[in-house]
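Q: show me the folded form of this:
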Amino acid sequence: MHTQMINQVKQYVTQRAIFIVLILLIIGIAIADPNFLAFSTLRDILQQSSTRAIIALGAAFILVTGGVDLSAGRVVGLTAVVSASMLQIDEYANRFFPDLPQLWVGLPILVGITAGLFVGLVNGLIVAKLHVPPFIATLGTMVAVYGLNSIYFDTEPNQSQPIGGLRPDFTVIGSGYIDLGGGYSIPYIVLIAIAVALVCWVIFNKTRLGKNMYAIGGNIQAAHVSGIHVARNLVTLYAIAGALYGLGGVLEAARTGGATNNYGNMYELDAIAACVVGGVSTAGGIGTVPGVMAGVLIFGVINYGLTFIGVSPYWQLIIKGLIIVAAVAFDIRKYMAKK
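A: Reported below is the predicted structural model:
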């Protein structure tokens, strides 16, 4: 009886380890500085983590299939630059398109998301049709997308100048909020991230595409034998991931009020790290949306919280690295135990 209870406790802790770590992090930082528990701090962490969450959700689609997408960060940069270049105010001295009329704000946003979707589609076709390993395929597109973005960013009259002077009706998406009164508010970008997470949860858990995604990641040969059209599903999943990177890039431009061709640099590694820490298996076939969101929040708490209490950025990198290694080691132990 005693042994059974211990095993149940171990199983409970194992299944909810990510949330326990998040709670312990918050408690530890709050002990160092109780002001960390202020609502404004939580709001700032959520606002800063929102675009990262959307990008991580895109990466999760690929990781669950047993693949990896290294192009995410450069797609973020491309879509940030493309959308921002079409959304500058008339009075801005260094407009990217001097003669471009003021467009409906939704059009450049859709263009940015579509650009991301297109890159994802290309990734999916290379992986599914040409059978190039995902690591190599997305490494190639990562380099190519950065080159393409840099060429676009360097065109006359911009010539690689940071894109600024963005329209208020665009930047409000990233910096605006709903005032709840009493000093409380919810940023629009947080609500967008929550909505995206809910849609992803439905895809993961309630659709045939989601079930096929887990089947492909669990055993691709078995998925073939069971009648799943693996190539078609992979192309669709990579396209969805690309669209999410595109949305993340657009929102990052809105949040920061500008864009350069270096936006999104290394975001793919942060996204993969958040997924792995959030319980998405590096072997494929395992992963949940709540886990991914918790992984993003852990890194958000580390980045914001440790800065809040004055911990050196270099120590923050060490702590993040240790957490990533521990999460992967824990994941491998679970995988080997199942075998």
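
Q: CA only for contacts and neighbour counts going forward, please
A: Noted.

Q: who touches L87 in this structure?
A: Residues counted as contacts of L87 (C-alpha atoms under 8 Å, 6 or more residues apart in numbering) are Q102, L103, V105, P108, L166, R167, F170.

Q: make a ChimeraX selection of the buried ones in those.
A: Per 16 or more other C-alpha atoms under 10 Å, the buried members of the contacts of L87 correspond to this ChimeraX selection:
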select :108,166,167,170
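
Q: among the contacts of L87, name the ones in strands.
A: Among those, the subset assigned to strands under DSSP state E is empty.

Q: include pLDDT and distance to A137 when you put the contacts of L87 into a markdown table, please.
A: What follows is the contacts of L87, written out as a markdown table (pLDDT from 0 to 100; distance: C-alpha to C-alpha, whole Å):
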| residue | pLDDT | distance to A137 |
| --- | --- | --- |
| Q102 | 91 | 38 |
| L103 | 93 | 35 |
| V105 | 95 | 33 |
| P108 | 96 | 28 |
| L166 | 96 | 34 |
| R167 | 96 | 36 |
| F170 | 96 | 33 |
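
Q: can you put the contacts of L87 in JSON lines and add distance to G77?
A: As requested, the contacts of L87 are arranged in JSON lines below (distance: C-alpha to C-alpha, whole Å):
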{"residue": "Q102", "distance to G77": "23"}
{"residue": "L103", "distance to G77": "21"}
{"residue": "V105", "distance to G77": "19"}
{"residue": "P108", "distance to G77": "14"}
{"residue": "L166", "distance to G77": "16"}
{"residue": "R167", "distance to G77": "19"}
{"residue": "F170", "distance to G77": "17"}
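
Q: nearest to D69 among the contacts of L87?
A: P108 (24.7 Å; C-alpha to C-alpha).

Q: quick check: closest non-adjacent residue to that closest one.
A: S83 (4.9 Å; C-alpha to C-alpha, 6 or more residues apart in numbering).

Q: quick revisit: out of the contacts of L87, flag the one nearest to I203.
A: P108 (26.1 Å).

Q: for Q102, see how far away the closest one is.
A: Look at P108 and Q102: by C-alpha to C-alpha, to the nearest Å, they are 11 Å apart.

Q: ok, L70 next?
A: For L70 relative to Q102 (C-alpha to C-alpha), the value is 34 Å.

Q: list the contacts of A30.
A: Counted by C-alpha under 8 Å, 6+ apart, A30 has contacts F36, L37.

Q: that concludes my questions; thank you for your assistance.
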